[in-house]
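1. coordinates only, sequence not included:
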């Protein structure tokens with residue numbers, strides 16, 4: 001009978017490179033959600049995903065560090081745990 005190993009993470013999971021900035025469409029692809037969902041997260045008043053513009057009217061970007069924190073903070077825990 002095979003034993004089941006319990007995996008414990010000493011360091012939080014990092015989905016995004018902390019040295020890089022991501023466009024909303026890249027975030028959507030990586031997290032398998034729609035681009036509209038990413039924009040909704042950015043506009044959320046209670047728990048916004050931090051984002052910035054490259055220039056005054058430029059494209060939106062999210063830092064990898066902020067994305068990792070957001071994913072960890074909003075991680076859904078399975079009901080059976």
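-> Great, that's in hand. As the structure is a computational prediction, the values presented were derived from the model and not from experiment. Residues are numbered from 1 along each chain as shown.

2. Share the number of residues neighbouring the closest residue to residue 59 other than its chain neighbours, please.
-> Excluding the flanking residues, the one nearest residue 59 by CB to CB, 6 or more residues apart in numbering is residue 23, at 6.4 Å. For the C-beta atoms, the positions are set from N, CA and C on the backbone; glycine is no exception. Using other CB atoms under 10 Å, residue 23 has 16 neighbouring residues.

3. Ok, residue 61 next?
-> Other residues within reach of residue 61, judged by other CB under 10 Å, total 17.

4. Might you report the residue contacts of it?
-> 21, 22, 23, 51, 52, 53, 54 (CB atoms under 8 Å, 6 or more residues apart in numbering).

5. show me where the chain has strands.
-> 21-22, 52-53, 60-63 (DSSP state E).

6. where's the nearest residue to residue 70 once chain neighbours are set aside relative to residue 78, distance?
-> Nearest non-adjacent residue to residue 70, counting by CB to CB, 6+ apart: residue 49, 5.0 Å away. In this view, residue 49 and residue 78 are 23 Å apart by CB to CB, to the nearest Å.
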